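**Student:** Turn this into a structure:
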Amino acid sequence: MFAVLQLMLRAAVVVVFVAGLTADGRSSNQPPPPNIVFVLADDYGFADVGFHGSALRTPNLDSLAASGVRLDNYYVQPICTPTRSQLLSGRYQIHTGLQHGIIWPCQRNSLPLELPTIADKLKEQGYSTHMVGKWHIGYYEKQLMPTFRGFDSYFGYLLGSENYYSHHRCYSFKSQSYFASNNSDLLCGFDLRDNVHPTKDYAGQYSTHLFAEKAVEIINRHSHSEDNKPLFLYLPFQAVHAPLQVPAAYMEPYANITDKARRTYAGMVSCLDEAVGNITEALKTQGMWNNTIFIFSTDNGGQVYEGGNNWPLRGWKGSLFEGGMRGVGFVNSPLIKKPGVIYPGLLHVSDWFPTLFRLAGGRPDSLKLDGYDVWKSISEGAESPRVELLHNIDPLDTHGSFLNISEFDNRITAAIRVGKWKLITGNAGVGSWIAPPENSSLESIPDPDPSEKNIWLFDISTDPLEKNDIFESNQEIAIQLLNRLSDYQSTAVPARFPDDDPLCDPDLHNGFWSPWVEN
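**Tutor:** Coordinates of the predicted model:
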């Protein structure tokens with residue numbers, strides 16, 4: 001009789017325990033997981049947002065940053081693919097094989113399939129996952145496309161850039177032998193997808209408007225769904241990457257800017273700002289805002305040759321100086337415990353993966369990630385767990401002479417931040433300080449360094465503009481950072497940068513840039 005009572009009591013405990021869980025296994029007294037909306041701007045300069053003192057008008061971004069948490073010591077990568085791959089994987093480039101350059105249209109290269117994306121992990125946690133915009137982490141096989149990498153739906157383009165209206169892209173193929181019979185040096189095709197399906201149905205629609213409309217459609221549809229899943233919406237806009245294109249109405253407020261590229265770029269920024277406002281308004285209208293975390297980030301520094309600006313920082317897109325990597329970023333959410341502040345702690349784009357995964361109820365410590373969970377830092381102002389940041393080690397890019405002061409070869413292009421110290425080796429990129437064209441009271445400063453120079457050391461805490469290279473007077477510190485680069489290099493996977501494959505030719509795929517390798 002006693003044994004029977006024991007079994008009955010155990011069964012009762014199980015029933016009570018199960019009754020206290022939601023469908024996804026969470027306790028019923030826990031708050032529901034938050035909706036996550038991540039907006040990524042393309043080639044958006046440090047000096048091109050109102051809250052950094054810009055003449056460019058960004059009222060929506062300014063308001064969201066002011067009432068949320070502005071990230072003042074936030075870093076991305078100097079170019080497109082590296083930032084996107086680290087955002088989606090939570091891993092440094094040295095651990096994905098994407099250390100060198102970007103992924104070009106005809107390369108058989110990608111974020112490795114064995115590495116889950118943040119969309120994969122959020123989907124496992126019960127999220128409805130959607131993406132609108134630029135992919136640019138590889139597409140040569142169908143299994144590499146967004147809907148095979150964790151996203152329930154996808155609308156956007158696969159390459160790094162294209163025409164904003166026609167959604168068409170031409171690319172200079174790198175193997176001349178392929179064109180011996182074609183008499184051309186360009187491959188051209190359309191690049192717009194509705195899930196996996198190529199489409200020309202949106203020709204003539206400006207992409208910033210189009211992508212914002214698609215995002216609003218997803219929000220509206222999700223708010224009326226009956227599955228009660230939280231939403232993850234990843235929205236990497238085409239804006240404000242070249243080519244410089246925008247409806248004329250957005251340039252009218254900038255008639256005083258005589259530099260045409262800068263004037264057009266300014267209009268593109270205003271259009272992007274408007275799109276962000278439309279998206280946040282949709283979240284509020286649909287009653288989703290109170291349980292949403294909204295993140296805004298650039299993918300790299302502004303391209304000064306295409307209207308962008310990073311003043312007063314040194315360098316621009318593609319540079320290992322601050323102008324190439326110190327990013328515009330903020331978080332806004334009613335879930336933030338201490339809003340309305342500027343957060344000074346060190347953060348990196350790889351930190352979003354573990355941060356969002358933890359917020360969704362996951363365990364990022366079960367994965368081999370390079371990022372850190374920084375939600376307490378953002379929400380409560382806690383000290384950042386990140387005290388060190390590997391910007392990159394690119395073994396395929398070398399420059400200058402070997403100093404022989406460390407196991408690490410200073411000819412290799414690399415950069416690392418440890419505490420207040422920043423070390424750059426190899427080819428740092430152009431190191432000029434470029435003033436905004438619309439401000440005649442400021443003067444640009446040319447790069448003061450000789451072309452053969454290949455090592456720099458800065459104290460970023462006192463010299464954020466990188467005007468005082470202290471390598472010669474602090475070689476012991478430099479050697480410590482070089483040795484740290486050597487430690488990282490010992491964990492790196494081989495860098496991949498394959499030759500172009502002629503089978504990528506859109507003419508072989510009904511005029512579209514499409515996967516061309518069959519499994």
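**Student:** what are the ranges of the helices in the stretch 251-400 of the chain?
**Tutor:** 260-285, 322-325, 352-359, 375-380 (DSSP state H, counting those that start in this stretch).
**Student:** What is the third one packed up against?
**Tutor:** When you say that, I think you mean helix 352-359. When contacts are defined as 3 or more Cβ pairs under 8 Å, 6 or more residues apart in numbering; DSSP states H and E, helix 352-359 sits against strand 35-41, helix 80-89, helix 118-124, strand 292-298, helix 375-380. (C-beta placed from N, C-alpha, C; glycine too.)
**Student:** out of those, nearest to N73?
**Tutor:** Nearest of the helices and strands packed on helix 352-359 to N73, taken as Cβ to Cβ: helix 375-380 at 10.5 Å.
**Student:** which parts of the closest one are buried?
**Tutor:** For helix 375-380, burial by neighbour count (16 or more other Cβ atoms under 10 Å) applies to W375, S377, I378, S379.
**Student:** quick one: contacts of the longest strand seen in the chain?
**Tutor:** Identified as the longest strand of the chain according to DSSP state E is strand 388-398. If you take Cβ atoms under 8 Å, 6 or more residues apart in numbering as the criterion, strand 388-398 is touched by 75, 77-78, 82, 92-94, 99-100, 320, 325, 346, 348, 370, 409, 411-419, 426-427, 484-485, 488-489, 492, 495, 497.
**Student:** Just the buried ones among those, please.
**Tutor:** Counted by 16+ other Cβ under 10 Å, the contacts of strand 388-398 give 75, 77-78, 82, 92-94, 99-100, 320, 325, 346, 348, 370, 409, 411-417, 426-427, 484-485, 488-489, 492, 495, 497 as buried.
**Student:** Skip the chain neighbours and tell me the closest residue to M251.
**Tutor:** Beyond its immediate neighbours in the sequence, the residue positioned closest to M251 (Cβ to Cβ, 6 or more residues apart in numbering) is G267, lying 3.8 Å away.
**Student:** With adjacent residues omitted, what lies nearest to G68?
**Tutor:** Excluding its sequence neighbours, the residue lying closest to G68 (Cβ to Cβ, 6+ apart) is N332, at 3.1 Å.
**Student:** From N60, how far off is the one you found?
**Tutor:** 10 Å (Cβ to Cβ, to the nearest Å).
**Student:** who has more neighbours, the two?
**Tutor:** Under the neighbour definition other Cβ atoms under 10 Å, N332 and N60 were set side by side, and N332 has more, 24 against 21.
**Student:** Can you give me the distance of that one to E213?
**Tutor:** With Cβ to Cβ as the criterion, N332 and E213 are 22 Å apart.
**Student:** hmm, back to that, wait, which of the buried residues of helix 375-380 is closest to L159?
**Tutor:** Comparing those against L159 with Cβ to Cβ places I378 closest, at 32.3 Å.
**Student:** Could you pull up the residues touching the closest one?
**Tutor:** V69, L71, V331, I336, Y343, T355.
**Student:** can you tell me which residues contact the nearest residue to P247 once chain neighbours are set aside?
**Tutor:** Spatial nearest neighbour of P247, chain neighbours left out: Y206 (6.2 Å); criterion: Cβ to Cβ, 6+ apart. Applying Cβ under 8 Å, 6+ apart to Y206 gives the contacts Y164, Y165, Q245, V246, P247, C271.
**Student:** Using PDB, write out the CA atom coordinates for stretch 387-401.
**Tutor:** What follows is stretch 387-401, C-alpha atoms only, in PDB (Å, rounded to 0.1, in the frame of the first residue of the first chain):
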ATOM      1  CA  VAL A 387      38.400  43.300 -21.900                       C
ATOM      2  CA  GLU A 388      40.000  42.100 -25.100                       C
ATOM      3  CA  LEU A 389      39.100  42.200 -28.700                       C
ATOM      4  CA  LEU A 390      40.700  40.500 -31.700                       C
ATOM      5  CA  HIS A 391      40.000  42.800 -34.700                       C
ATOM      6  CA  ASN A 392      41.500  40.300 -37.100                       C
ATOM      7  CA  ILE A 393      44.500  38.300 -38.300                       C
ATOM      8  CA  ASP A 394      44.700  38.100 -42.100                       C
ATOM      9  CA  PRO A 395      47.500  35.700 -43.100                       C
ATOM     10  CA  LEU A 396      46.900  36.400 -46.800                       C
ATOM     11  CA  ASP A 397      47.700  40.100 -46.500                       C
ATOM     12  CA  THR A 398      51.300  41.000 -45.600                       C
ATOM     13  CA  HIS A 399      53.200  44.300 -45.800                       C
ATOM     14  CA  GLY A 400      56.600  45.800 -44.900                       C
ATOM     15  CA  SER A 401      59.600  44.500 -43.100                       C
END
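**Student:** can you pull the buried residues of it?
**Tutor:** So stretch 387-401, judged by 16+ other Cβ under 10 Å, has buried residues L389, L390, H391, N392, I393, D394, P395, D397, T398, H399, G400.
**Student:** Next: stretch 286-301.
**Tutor:** 286, 288-289, 291-301.
**Student:** Just flag the most distant two among those residues.
**Tutor:** Taking Cβ to Cβ, no two of the buried residues of stretch 286-301 sit farther apart than Q286 and G301, at 34.4 Å.
**Student:** ranges for the strands of the stretch 401-519 of the chain?
**Tutor:** 412-418, 421-425, 455-459 (DSSP state E, counting those that start in this stretch).
**Student:** Now render the ones you listed as TSV, adding mean pLDDT and distance to I137.
**Tutor:** Below are the strands of the stretch 401-519 of the chain laid out as TSV (pLDDT from 0 to 100; distance: least, Cβ to Cβ, whole Å):
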stretch	mean pLDDT	distance to I137
strand 412-418	98	21
strand 421-425	98	25
strand 455-459	98	30
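**Student:** so which of those gets nearest P506?
**Tutor:** Comparing the strands of the stretch 401-519 of the chain by Cβ to Cβ, strand 412-418 comes nearest, at 32.6 Å.
**Student:** Next, the angle strand 455-459 makes with the closest one.
**Tutor:** Compare the direction of strand 412-418 with that of strand 455-459 by axes from the mean of the first three to the mean of the last three Cα atoms, to 10 degrees and you get 10 degrees.
**Student:** For strand 412-418, which outside residues touch it?
**Tutor:** With contact meaning Cβ under 8 Å, 6+ apart, strand 412-418 is reached by 75, 320, 346, 387-395, 397-399, 408, 422-428, 460, 480-481, 484-485, 488.
**Student:** what residue ranges in the protein are flagged as low confidence?
**Tutor:** For the chain, residues meeting the criterion pLDDT under 70 lie at 1-29, 175-184.
**Student:** Now with 90, please.
**Tutor:** 1-31, 173-185, 226-228, 519 (pLDDT under 90).
**Student:** can you list residues touching both of N332 and N60?
**Tutor:** T280.
**Student:** any idea where the strands of the stretch 101-250 of the chain begin and end?
**Tutor:** Using DSSP E, counting those that start in this stretch, strands in the stretch 101-250 of the chain cover 128-134, 153-157, 168-172, 186-190, 193-194, 197-198, 231-236.
**Student:** Export the ones you listed as JSON lines, with columns for mean neighbour count and distance to A255.
**Tutor:** Below are the strands of the stretch 101-250 of the chain laid out as JSON lines (neighbours: other Cβ atoms under 10 Å; distance: least, Cβ to Cβ, whole Å):
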{"stretch": "strand 128-134", "mean neighbour count": "26", "distance to A255": "30"}
{"stretch": "strand 153-157", "mean neighbour count": "22", "distance to A255": "31"}
{"stretch": "strand 168-172", "mean neighbour count": "17", "distance to A255": "30"}
{"stretch": "strand 186-190", "mean neighbour count": "19", "distance to A255": "34"}
{"stretch": "strand 193-194", "mean neighbour count": "18", "distance to A255": "37"}
{"stretch": "strand 197-198", "mean neighbour count": "14", "distance to A255": "39"}
{"stretch": "strand 231-236", "mean neighbour count": "26", "distance to A255": "30"}
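**Student:** In helices only, show me the contacts of Y206.
**Tutor:** Taking DSSP state H as the definition of helices, those contribute C271.
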